[in-house]
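Undergrad: got a sequence here, can you model it:
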Amino acid sequence: MVYSSVSLLVLLCVINGGLFAQIPDYIKICKRDQSTVSNCVRNSIENLRPKLISGIPELNVPSLEPFYIPEIVAVSGDLVPLKASGKDVKVSGAGNFTIKSVTVNLDTLSIRARVRFPKLHLDGRYNLDTQILILPLRGEGNLVADAVKCDAEILLRSRLVNREGKEYLDFTSLNVDIAIKDYRIRLDGLFNGNKALGDATNEAINQNRIEFLKTMLPYLEKTVSKILLDTANKIVATIPFDEILPKD
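TA: Residues are numbered from 1 along each chain as shown. You can find the predicted model right below:
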C-alpha cells in the first residue's frame, strides 16, 4: 500500500532531469553506467527522503506522511468465501522506511528494490463478509491496525517502444511481494455494532491473524502493483528514452 512513493522514486532517481526545464537541486542525476547506477539510485532515494515525506506535487507523487489508499477490494470463492473492501485508508509511519537493496539492470530495463517499514498505523473504513475457521465475519465500519516490520520487494519490468521516430520507455509489469512480521487490527461495527460479539470476534481475528493476512495479501499486492504501474507509465509517457537515460 505505502510502497508506491518509494518505488516511484526508484524510477524517478534514474531519470536525469528530462522532466524539468531546470533540474531541481533535490534530484541527484544518475548516469547510464551499469557499474554505478544501482548505488546512485539508492543514494538518490535517501537524499529525497524529506521530499518523499512531504510529497512532490510536480511529479504527482503523494506524500508518505500520511499516505492514503482510496480502495482495496477482495472477492474470492476459493477455500474460504471472501468479500471485503477497505476505503479511505490513512497510513502513518511510512516516512521512516529503510532501503534494503536497489538493483537497476540497464540491459533488461528492470528495477528491483527491497524496502522495510518498521511500523505502520492504519485508519480507514471497511466492509467484510467472510469467515475465520468456522466463525462468520460480517460488518462494516471503522478499522484501526498497527503493523511491524513490513517488507516489500518490488520488480519493475519495461521495454522500449518507437513512436514518431523516437524510443520511449513502456513499463510492462510491476510485481510487489509484501511480507508483514506481525500486526494487530480492530474492526468496529461487526454484527451491527454488538459490542460483546464484536470484542470476541476481534480477539478471534487477532488470534488467527496469520491466516487472515494470507487471505487478504494477494489482493493488497494486486492493488499496489496496479497503482504503481499506472503511475510509472504516466510519468515517462512523453519523455524520450534518451532524455531519461542519456548515452553520454
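
Undergrad: where does this protein have low pLDDT?
TA: 1-25, 27-29, 59-61, 76-81, 131-135, 235, 243-248 (pLDDT under 70).

Undergrad: which stretches of it form helices?
TA: For the chain, the helices defined by DSSP state H occupy 3-12, 37-47, 49-54, 195-207, 209-236, 241-244.

Undergrad: what's the closest of those to T108?
TA: helix 37-47 (12.8 Å; CB to CB). Any C-beta I mention is one placed from the backbone N, CA and C, and that applies to glycine too.

Undergrad: could I have stretch 179-186 exported to PDB, CA atoms only?
TA: Taking Å, rounded to 0.1, in the frame of the first residue of the first chain, the C-alpha atoms of stretch 179-186 are listed here in PDB:
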ATOM      1  CA  ALA A 179       5.700  -9.500   4.000                       C
ATOM      2  CA  ILE A 180       4.400  -8.400   7.400                       C
ATOM      3  CA  LYS A 181       6.100  -9.700  10.500                       C
ATOM      4  CA  ASP A 182       3.100  -9.000  12.800                       C
ATOM      5  CA  TYR A 183       0.100  -6.800  13.200                       C
ATOM      6  CA  ARG A 184      -3.000  -6.100  15.300                       C
ATOM      7  CA  ILE A 185      -6.300  -5.000  13.900                       C
ATOM      8  CA  ARG A 186      -9.600  -3.700  15.300                       C
END
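
Undergrad: next, the buried residues of it.
TA: 180, 183, 185 (16 or more other CB atoms under 10 Å).

Undergrad: tell me the one among these nearest to L106.
TA: I180 (32.3 Å).

Undergrad: beta partners for that closest one?
TA: With DSSP bridges as the criterion, I180 is bridged to C150.

Undergrad: contacts only, for it.
TA: 147-151, 213 (CB atoms under 8 Å, 6 or more residues apart in numbering).

Undergrad: what do you get if the cut-off is 7 Å, keeping everything else the same?
TA: Going by CB atoms under 7 Å, 6 or more residues apart in numbering, I180 touches 147, 150, 213.

Undergrad: quick revisit: ranking the helices of the chain by burial, who's on top?
TA: helix 3-12 (a mean of 24; mean count of other CB atoms under 10 Å).

Undergrad: return the distance of V75 relative to T201.
TA: 21 Å (CB to CB, to the nearest Å).

Undergrad: for stretch 158-177, which residues meet the burial criterion?
TA: So, applying 16+ other CB under 10 Å, buried residues of stretch 158-177: 158, 168-171, 174-176.

Undergrad: now the end-to-end length of that stretch.
TA: When the termini of stretch 158-177 are compared using CA to CA, to the nearest Å, they are 18 Å apart.
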